[in-house]
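**Q** Predicted model, plus sequence, below.
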Amino acid sequence: MGLYVNLQKKVNGFSLNIEWEIGHEPAVLFGFSGAGKSMTLQLIAGLIKPDSGVVRLDDTLYFDSLSKTDLPPQKRLFGYVFQDLALFPHMTVWQNILYGAPLLSGNEKQDRAGDLIRSFKLTGLENRFPSEISGGQKQRVAFARALIRRPRMLLLDEPFSALDRPLRLEMREFLKEVRNTFNIPAILVTHDFDEASAVSDQIIIYEHGRITQTGSPEQVKTAPANGYVSHLISN
Amino acid sequence: MESILFSVRLSLQVACLSTLLIVVTGIPAAYLLARKEFRGREALDMIFTLPLVLPPTVTGYYLIIVFGRNGLLGGFIYQWTGWTIMFTWYAAVLASYVVALPLMIKTARAAIESVDKNLINASYTLGHSEINTALKVILPLARRGIIAGAVLAFARSMGEFGATLMLAGNLPGKTETMPIAIYSLSNSGEWNKAHGLVMLMTLISGLFLYIANRYSKRTF
């Protein structure tokens, strides 16, 4: 049980060829920019189509090039948080969160949104637009919007990279809280080793579209697979 | 005086109906051109845009070939119903529609293309269908461009002359729109009346241009 991916994709001279499997423990995709980490998340979520491969979450096959299975992103139960958060600028905080649950009935939607607003300390900001709230608040709205339809896994594409250090530390704690409260596994993309080891049990290291090493933060740190990995960690 | 009032009213009527048709058909067309990749996309865009650069008489000529009493489509309609669009005020609507449509498509396409792709992807990952995403995210975020396009199309429809003259003719009290009335009045030397209409026409067009500019500039 967990997420299994095996993906091949060639685009504009870049070639991605990866295979990994994670259980329900938190995992991190780690590597320099342009190594294919964000692309992997987009392939998993169905936002871009692999040339070949398999994406399977628990017992549900989302993509399989052999059996020509290809579920659209709407049917894949991931909560996606984008690097720029992608909050809808023409909707209020409240509307942004409600928008994350198109299939729920009115009452249930309102109840869940209310709960999220309270537990994410967004009370009083319901009628503000994204341009009227702070960076940390925006992050929490993006998480609330991604969580309201109770996805089975979170895909986090460097959501904290634009924040300054104190806020980033705060958001790490927030992420742990989210995972504990909602009991939801998460994959975080990052190029910050501190962040990677603080939030995850398993690190998957990317190098030019390939996997160089997987293991716990300690394993990676004590026995880096090659010079690239040690350079990456010390960076 | 009565004939002048008639042409003012007719022009407004023609421009309103043509703009309505442009909004209804132009927005989906702009959406397809902006968001879908299909064979012949740019060729289709070119065909829609041609009336913007062709002399209106040439556009009018093409419209006669298609919609005239012996035209490709018009001949068919005439055979079955005995009716032809030629020399009716509907012909003025058709001419305005074809000539002004590219203004809507160009402006709306650019506005739709400029909507952040991540917002569209976010909507998909949150479980929203493409049509829902178009209605709730893409079109609202592109609305200023769309409104600007509609306003420009309205102004262009008000001012349409060449293709209208060829298709609808110059029938006082029937198809004589403002620009055509101005042409007739100045031909017959009725300068006072022509002056008034020219001023009115300039005022209306200027006003619409001002509105279009205001809308296309403001963004989120």
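**A** That came through, no problem.
**Q** Near chain A, which residues of chain B? Just list them.
**A** Chain B has residues B:116, B:118-119, B:121-129, B:132, B:136-137, B:140-141, B:220 near chain A, with proximity defined as C-beta under 8 Å from any C-beta of the partner chain. Just so you know, the C-beta spots here come from the backbone N, C-alpha and C atoms, and that holds for glycine as well.
**Q** now, which of those residues lie within helices?
**A** Under the assignment DSSP state H, the residues of chain B next to chain A contribute B:N118, B:L119, B:N121, B:A122, B:S123, B:Y124, B:T125, B:N132, B:P140, B:L141 to helices.
**Q** for chain A, what spans make up the strands?
**A** Listed in chain order, the strands of chain A (DSSP state E) span A:3-11, A:14-22, A:27-30, A:52-57, A:60-64, A:69-70, A:78-81, A:153-157, A:186-190, A:202-207, A:210-215.
**Q** Save these as JSON lines, and put in distance to chain B and mean pLDDT too.
**A** Below are the strands of chain A laid out as JSON lines (distance: least, C-beta to the nearest C-beta, whole Å; pLDDT from 0 to 100):
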{"stretch": "strand A:3-11", "distance to chain B": "15", "mean pLDDT": "96"}
{"stretch": "strand A:14-22", "distance to chain B": "18", "mean pLDDT": "95"}
{"stretch": "strand A:27-30", "distance to chain B": "17", "mean pLDDT": "94"}
{"stretch": "strand A:52-57", "distance to chain B": "14", "mean pLDDT": "96"}
{"stretch": "strand A:60-64", "distance to chain B": "12", "mean pLDDT": "95"}
{"stretch": "strand A:69-70", "distance to chain B": "14", "mean pLDDT": "96"}
{"stretch": "strand A:78-81", "distance to chain B": "4", "mean pLDDT": "96"}
{"stretch": "strand A:153-157", "distance to chain B": "8", "mean pLDDT": "95"}
{"stretch": "strand A:186-190", "distance to chain B": "14", "mean pLDDT": "94"}
{"stretch": "strand A:202-207", "distance to chain B": "21", "mean pLDDT": "94"}
{"stretch": "strand A:210-215", "distance to chain B": "24", "mean pLDDT": "93"}
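**Q** out of those, deepest packed?
**A** The highest average neighbour count among the strands of chain A, using mean count of other C-beta atoms under 10 Å in any protein chain shown, belongs to strand A:27-30 at a mean of 28.
**Q** what's that one in contact with?
**A** A:37, A:40-41, A:185-191, A:193, A:195-196, A:199-206, A:232 (C-beta atoms under 8 Å, 6 or more residues apart in numbering or on different chains).
**Q** Show me what the longest helix anywhere in chain A is packed against.
**A** Counting residues, the longest helix in chain A under DSSP H turns out to be helix A:165-182. With contacts taken as 3 or more C-beta pairs under 8 Å, 6 or more residues apart in numbering or on different chains; DSSP states H and E, helix A:165-182 sits against helix A:135-147, strand A:153-157, strand A:186-190, helix A:193-199.
**Q** what's the distance between it and the middle of its chain?
**A** Taking C-alpha atoms, centre = their mean, to the nearest Å, one finds helix A:165-182 lying 13 Å from the centre of the chain it belongs to.
**Q** now the residues of chain B next to chain A: which count as buried?
**A** In the residues of chain B next to chain A, burial by neighbour count holds for B:116, B:118-119, B:121-128, B:132, B:136-137, B:140-141, counting by 16 or more other C-beta atoms under 10 Å in any protein chain shown.
**Q** list the helices and strands the helix or strand of chain A with the lowest mean pLDDT packs on?
**A** Scoring the helices and strands of chain A by mean pLDDT, DSSP states H and E places helix A:227-234 at the bottom, with a mean of 86. Secondary-structure packing of helix A:227-234 (3+ C-beta pairs under 8 Å, 6+ apart): strand A:202-207, strand A:210-215, helix A:217-222.
**Q** Buried residues, stretch A:132-145. List them.
**A** A:I133, A:G136, A:Q137, A:K138, A:Q139, A:R140, A:V141, A:A142, A:F143, A:A144, A:R145.
**Q** which residues of chain B score low on pLDDT?
**A** Across chain B, the ranges flagged by pLDDT under 70 are B:217-220.
**Q** what's the neighbour count on residue 77?
**A** Defaulting to chain A. Neighbours of A:L77 under the rule other C-beta atoms under 10 Å in any protein chain shown: 17.
**Q** wrong one, chain B
**A** Other residues near B:I77 come to 15 when the count uses other C-beta under 10 Å.
**Q** and it, what helix or strand is that in?
**A** When secondary structure is defined by DSSP states H and E, B:I77 falls within helix B:74-81.
**Q** Pick out whichever of the buried ones among the residues of chain B next to chain A sits closest to A:G79.
**A** Using C-beta to C-beta, B:T125 comes nearest to A:G79 of these, at 7.8 Å.
**Q** Spit out the contact partners of the closest residue to that closest one other than its chain neighbours.
**A** In space, and not counting its chain neighbours, B:T125 is closest to A:Y80: 4.0 Å by C-beta to C-beta, 6 or more residues apart in numbering or on different chains. Residues near A:Y80 by C-beta under 8 Å, 6+ apart: A:L41, A:A45, A:A146, A:L154, A:L155, A:D157, B:N121, B:A122, B:T125.
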